[in-house]
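K.L.:
Test case, fold it:
(chains A and B)
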Amino acid sequence: KQEVTQIPAALSVPEGENLVLNCSFTDSAIYNLQWFRQDPGKGLTSLLLIQSSQREQTSGRLNASLDKSSGRSTLYIAASQPGDSATYLCAVREENTDKLIFGTGTRLQVFP
Amino acid sequence: DTGVSQNPRHKITKRGQNVTFRCDPISEHNRLYWYRQTLGQGPEFLTYFQNEAQLEKSRLLSDRFSAERPKGSFSTLEIQRTEQGDSAMYLCASSLGPTGETFGSGTRLTVV
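P.N.:
Next up, the predicted model:
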């Protein structure tokens, strides 16, 4: 059974720092991996999607990497801002399925 | 089209009552998903439709839960005889094809 783990569970940093959020998954037979952002009481916003054949994706200050064989992904946030404060969720889609399996998230607070 | 719409945003109900939630997907999206998220956890898959066909159901979806998507448009999720353990955020997502879901803002259910 696929399990997705995110470390750390919570992170509090001053504005301007570069951050790394970690995601690991137990079964490497995945179709793709996504990083989402969730603001309190809100739905999910997709940040980056990495197909299983890709190694990384970039969008603005965000960069996500994927090492499928070792079951790991990282989300790198450059020059963090208070507006980045949110919960970041990692999710994998296994091969031959249409559902996402989520980690428990990393709650990020960036203070001025 | 402004995205995936969920109603109501909040629902408070007494234990034992029935509740129904509605999800209006993005109009051209043929796939529709329901997830449940409890406090401090990532979303968990409940069920998935492709057009009007319900193709997959999680074991989390007990006999008290039923979902429909008549005519492949909006979807409803009904919970009968609610229990306190049903208190959660219920999230709907839609997509065109097997990836790139857009999530709604969710319906927060509180069972008292």
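
K.L.:
Find the nearest non-adjacent residue to residue 39, please.
P.N.:
No chain specified, so I'll use chain A. Of all residues not flanking A:Asp39 in the chain, A:Ala86 sits nearest, at 5.1 Å (CB to CB, 6 or more residues apart in numbering or on different chains). (Each C-beta comes from the backbone N, C-alpha and C, glycine too.)

K.L.:
you looked at the wrong chain, it should be chain B
P.N.:
Nearest one to B:Leu39, counting by CB to CB, 6+ apart, is B:Ala88 at 8.0 Å.

K.L.:
Same check on B:Gly3?
P.N.:
Here the residue nearest B:Gly3, using CB to CB, 6+ apart, is B:Thr102, at 5.9 Å.

K.L.:
how about the residue nearest to B:Leu39, what does it touch?
P.N.:
Contact partners of B:Ala88, counting by CB atoms under 8 Å, 6 or more residues apart in numbering or on different chains, are B:36-39, B:108-109.

K.L.:
what would those look like in a markdown table with secondary structure, distance to B:Ser94 and pLDDT?
P.N.:
Below are the contacts of B:Ala88 laid out as a markdown table (DSSP: H, G, I helix; E, B strand; the rest coil; distance: CB to CB, whole Å; pLDDT from 0 to 100):
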| residue | secondary structure | distance to B:Ser94 | pLDDT |
| --- | --- | --- | --- |
| B:Arg36 | strand | 17 | 97 |
| B:Gln37 | strand | 17 | 96 |
| B:Thr38 | coil | 22 | 94 |
| B:Leu39 | coil | 25 | 90 |
| B:Arg108 | strand | 20 | 96 |
| B:Leu109 | strand | 20 | 98 |
